[in-house]
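> Here is a sequence with its predicted model. Questions after.
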2 protein chains.
Amino acid sequence: MTTPPRGLRERKKQATREALREAALRLAMERGPDQVRVEDIAEAAGVSPRTYNNYFASREQAIVSAVTADREARIAAAVAARPAGVRLADAVTEAVVEQYTNTGEREHKALVLITAQAALRDAFLDSAAGIEPPLTAVIAERLDNAEAHTARVLAASVAAAVRIALEGWLRPAGKAEAAESFAAGGLVVPSGSLPDRLRMALAPLAPAFDAAEQRTQP
Amino acid sequence: MTTPPRGLRERKKQATREALREAALRLAMERGPDQVRVEDIAEAAGVSPRTYNNYFASREQAIVSAVTADREARIAAAVAARPAGVRLADAVTEAVVEQYTNTGEREHKALVLITAQAALRDAFLDSAAGIEPPLTAVIAERLDNAEAHTARVLAASVAAAVRIALEGWLRPAGKAEAAESFAAGGLVVPSGSLPDRLRMALAPLAPAFDAAEQRTQP
DNA sequence: ACGAAAACTTGCGTGCACGCACATTTTCTG
DNA sequence: CAGAAAATGTGCGTGCACGCAAGTTTTCGT
């Protein structure tokens, strides 16, 4: 692995983190999300409320993280796994679509829960930003570390695009969206599947990836 | 104008908002940022603490907004003001650089204050996201509203790039950065002026802008 | 111009995020 | 292996974000 477990300390921390994640999600599913207090989560995980806060900055983050857990790392790994021949833009797009499509039964139920509440939706959207650091690393590697700042900007742009795709996907398509698209005067596709939305959002960034790629390997 | 003042109500709201902004910044400069409570700001602006919360979601946001106030609108206006002949990428870049360079005396002092505290730094970085909505509008306009979602993604990418530039700019260049750049193995420029950083961060996005532009006006 | 409707302010109460200081555990050093 | 050094868990206290339900002001229909 990239990080051989340094010791007992790390394992304990990961165990606690996971216990909190699971407790948060389980309690939120049993009762409503509003009926779960931090105190309950901490108790279910066997730690003090104060310790809970050392792991998560908000109650919503704890619940959402049970679903988004290590998607970040998996996306980076998926990009790195693609053969070196394919366009970087394609590698990233496919990796992202792939990791957001692997929706198990448990994950699906959790998403229904998240969609139901505004605060959880926001936390879920914010979690997309977490893919930036690992993406920066793999992109920089493919670019031979020639332009570290370029990799950073591209990764951040991907994160932003993913966020936009998710935002449009879990929006109930209320009258706000209809009015907006009408005001824009365009015949915009009002909805679509998540993979479609992800590809649509990432497509405009492809030229930027191509340019960066050609600059390092002409 | 685009929005003829609809009535007394709007004017009052803007007045209250500005009063809160000014009070927050002034008090933060007089005493330290830590020595200003929400209650103080509200009192100085002549409203209740609860009302303060109807305008700003956090204490840091109120202070920072006194500096970032309408930069968003000015950037959009600056883009719209460029002649139709220039590349969209250049128009956006120059508009951003321009609006972040107009640093008055008052603004400069405020930035020193903001840089000094972590919470304020974060709020300042988050404020960069505010340029997305107006940028989306002007970009969509230049693209003849042909691809609304493309405009949205490009605007979000610009916001992300600006954030990265600001982040690198106000980082004290501690040992963390040095170690990181060394680990990357590259000869990265450790620091630079804000305009330079902004141009560097926005440059990788230019090909994406060009492609979108050519697609609508061949 | 008048009354209904919509928007804004405010007091109150609840749960929460987080700094600080200290006890405890794990890791590092000689 | 002992003791120093560093990282974590925890109790406590403070200020804050925000929902809710009046009370008040502005807007709008007729």
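Yep, that arrived. Numbers count the residues shown, from 1 in each chain, chains lettered A, B, ... in the order given.
> Grab the most central residue of chain A for me.
The C-alpha lying nearest the average C-alpha coordinate of chain A belongs to residue A:128 (C-alpha atoms, centre = their mean; 3.2 Å).
> so that residue touches residue A:159, yeah?
Yes: with contacts counted by C-beta atoms under 8 Å, residue A:128 reaches residue A:159, the gap being 5.7 Å. C-beta coordinates here come from the backbone N, C-alpha and C atoms, glycine included.
> gap between the nearest residue to residue A:33 once chain neighbours are set aside and residue A:32?
Closest residue to residue A:33 apart from its sequence neighbours, by C-beta to C-beta, 6 or more residues apart in numbering or on different chains: residue A:117 at 5.2 Å. Separation of residue A:117 from residue A:32 (C-beta to C-beta, to the nearest Å): 8 Å.
> quick one, what contacts residue A:13?
Residue A:13 sits next to no residue when contact means C-beta atoms under 8 Å, 6 or more residues apart in numbering or on different chains.
> which SSE is it in?
Here residue A:13, judged by DSSP states H and E, is contained in helix A:8-30.
> Tell me the helix or strand right after that helix.
Downstream of helix A:8-30, the first helix or strand assigned by DSSP H and E is helix A:38-45.
> just for chain A, where's the confidence low?
A:1-6, A:172-191, A:218 (pLDDT under 70).
> What residue spans form the domains of it?
Per the record, chain A has its domains at A:8-66, A:70-216, by automatic domain parsing.
> okay if I get those domains as TSV plus distance to residue B:138?
Listed next are the domains of chain A as TSV, based on distance: least, C-beta to C-beta, whole Å:
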stretch	distance to residue B:138
domain A:8-66	33
domain A:70-216	13
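> Of all those, which one comes closest to DNA strand C?
Among the domains of chain A, domain A:8-66 comes nearest to DNA strand C, with 3.7 Å by C-beta to the nearest atom of the strand.
> Contacts only, for residue A:51.
Residue A:51 touches A:16, A:42, counting by C-beta under 8 Å, 6+ apart.
> so which strand or helix has it?
In the assignment (DSSP H and E), residue A:51 maps to helix A:49-55.
> how many neighbours does residue A:67 have?
By the measure other C-beta atoms under 10 Å in any protein chain shown, the count of residues near residue A:67 is 22.
> shouldn't it be in contact with residue A:107?
Yes: using C-beta under 8 Å, residue A:67 is in contact with residue A:107, at 5.6 Å.
> DNA strand D contacts on chain A?
Residues of chain A lying close to DNA strand D (C-beta under 7 Å from any atom of the strand) are A:9, A:12-13, A:16, A:47-51, A:54.
> rerun at 6 Å
Neighbours of DNA strand D within chain A, by C-beta under 6 Å from any atom of the strand: A:13, A:16, A:47-48, A:50-51, A:54.
> show me the contacts for residue A:157.
A:205, A:208, B:153, B:156-157, B:160-161, B:205.
> if you set the cut-off to 6 Å instead, what comes out?
For residue A:157, the contacting residues are A:205, B:157, B:160, by C-beta atoms under 6 Å, 6 or more residues apart in numbering or on different chains.
> Ok, residue A:120 next?
Contacts of residue A:120 by C-beta under 6 Å, 6+ apart are A:60, A:114.
> Return the residues of chain A in contact with DNA strand C.
Residues of chain A lying near DNA strand C (C-beta under 6 Å from any atom of the strand): A:7-9, A:37-39, A:50, A:53, A:57-59.
> give me the residue from chain A nearest DNA strand C.
DNA strand C sits closest to residue A:7 of chain A, with a gap of 2.3 Å, by C-beta to the nearest atom of the strand.
> That residue - how many residues pack around it?
Around residue A:7 there are 7 residues (other C-beta under 10 Å).
> same deal with residue A:101?
A count of nearby residues for residue A:101, using other C-beta under 10 Å, gives 11.
> ranges for the helices of chain A?
Ranges of helices within chain A are A:8-30, A:38-45, A:49-55, A:59-68, A:71-81, A:88-101, A:105-116, A:118-127, A:132-142, A:148-169, A:175-183, A:194-202, A:206-216, based on DSSP state H.
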